[in-house]
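K.L.:
Sequence isn't available, so here's the structure alone:
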DNA sequence: TCGTTATTAAATATTATTCGCAATAATACA
DNA sequence: TGTATTATTGCGAATAATATTTAATAACGA
């Protein structure tokens, strides 16, 4: 279940001249232990860590999230107005996508193996190194449809 | 090519108790006349309009972009850090997706009819009313791969 | 073990986007 | 066709997410 051990994370960082810090290790661990379908914003991660007695500054959290997204360890999701959410980037059998209500932000996760295949093929065709591949469906959920257009 | 006339835009707005204003008409027209593969941020749209002698306030631009995205007329794209881009939301034969380099933001547009089918099916299954369906591939382009990891 | 330098915390800066408000102008309706 | 209603605009100010600067610290390579 846990894809990255401290050692393999360290290896991947050091390869690029970067360092393994306790902060980075802790943050990745939080995401690895997160229940399926859960994702966190920077602020939420910060609060969660504080609740566990871990004191990691918000700047470090922002830097780490960005770094890990660019390494392909985390996925950056756009599930709400105004801020990003992150989740662990799992490969094939766990890989999934999101159906999102643009009014109430209700989010439904779904799987479809074809999409990842299409994405990999397209990236390869253009010589890109794939990091993440996400289908986001913007839509209006049943209850917001009934709620007579308050936007 | 041009999906919405002034009349059909007015009808769609009035249906919901909203109004057709010159500003809204102008903004939709800009997007309808935009070359394929082009998309604009709020700021870019503002500049473009000023260049044409149109004076529409930035607040109105933000409000209009959001409104039209929620109506399904525009697509909200996340193609660069820090701000959103918008493009006209075209149906089937023009519908496309994006392959994005997370380092230099190079963007490649590609088509794949399967994706829209998958998205429509999933939305229908959950009773959602589909607005937009976009596959975004986050990756590293060939030249950034060669550029030895400056992030 | 030591020097180098990436990383951190904290405070501060930045900037995209939103909001409050008074003035204006689209619609609905008489 | 004129009038009342109220959605929309423009402006300026406010907000909030994220980035940056700096000095201190601590990983890493040798």
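P.N.:
Now that the structure is in, tell me what you want to look at. Predicted model, so just to flag it, every value in this text is computed and none were measured.
K.L.:
How about residue A:97: what's its closest non-neighbour residue?
P.N.:
Among residues not flanking residue A:97 along the chain, residue A:135 sits closest, at 4.1 Å (C-beta to C-beta, 6 or more residues apart in numbering or on different chains). To be clear about C-beta, it is placed using only N, CA and C from the backbone, and glycine gets the same treatment.
K.L.:
right, and residue A:145 touches residue B:126 too?
P.N.:
No. Contact between residue A:145 and residue B:126 fails when scored by C-beta atoms under 8 Å: they sit 11.7 Å apart.
K.L.:
Give the intersection of the neighbour lists for these two.
P.N.:
The overlap between the contact sets of residue A:145 and residue B:126 (C-beta atoms under 8 Å, 6 or more residues apart in numbering or on different chains) is empty.
K.L.:
if we can go back for a sec, so the residue nearest to residue A:97 sits in a strand?
P.N.:
Yes. Assessed by DSSP: H, G, I helix; E, B strand; the rest coil, residue A:135 belongs to a strand.
K.L.:
where does it land on pLDDT?
P.N.:
pLDDT for residue A:135: 97.
K.L.:
what does chain A put close to DNA strand C?
P.N.:
Selection of chain A residues close to DNA strand C by C-beta under 7 Å from any atom of the strand yields A:13, A:17-19, A:21, A:23-24, A:55-57, A:59-60, A:63-64, A:81-82.
K.L.:
among the residues you listed, which two are most distant?
P.N.:
A:17 and A:81 (36.5 Å; C-beta to C-beta).
K.L.:
residues from chain A in reach of DNA strand D?
P.N.:
A:10, A:13-14, A:19-22, A:41-43, A:58-59, A:62-63, A:66, A:82-84.
K.L.:
which among those residues end up buried?
P.N.:
Buried members of those, counted by 16 or more other C-beta atoms under 10 Å in any protein chain shown: A:10, A:13, A:20, A:41, A:42, A:66, A:84.
K.L.:
Turn those into JSON lines, columns for pLDDT, secondary structure and distance to residue B:130.
P.N.:
Formatted as JSON lines, these follow (pLDDT from 0 to 100; DSSP: H, G, I helix; E, B strand; the rest coil; distance: C-beta to C-beta, whole Å):
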{"residue": "A:10", "pLDDT": "95", "secondary structure": "helix", "distance to residue B:130": "44"}
{"residue": "A:13", "pLDDT": "95", "secondary structure": "helix", "distance to residue B:130": "41"}
{"residue": "A:20", "pLDDT": "97", "secondary structure": "coil", "distance to residue B:130": "44"}
{"residue": "A:41", "pLDDT": "97", "secondary structure": "coil", "distance to residue B:130": "26"}
{"residue": "A:42", "pLDDT": "97", "secondary structure": "helix", "distance to residue B:130": "30"}
{"residue": "A:66", "pLDDT": "97", "secondary structure": "helix", "distance to residue B:130": "31"}
{"residue": "A:84", "pLDDT": "96", "secondary structure": "strand", "distance to residue B:130": "23"}
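K.L.:
that older thread, relative to residue B:36, which of the residues of chain A next to DNA strand C is nearest.
P.N.:
Scanning the residues of chain A next to DNA strand C for proximity to residue B:36, where the rule is C-beta to C-beta, the winner is residue A:81, at 27.9 Å.
K.L.:
nearest residue to that closest one other than its sequence neighbours?
P.N.:
residue A:105 (8.0 Å).
K.L.:
how many other residues sit next to that neighbour?
P.N.:
12 (other C-beta atoms under 10 Å in any protein chain shown).
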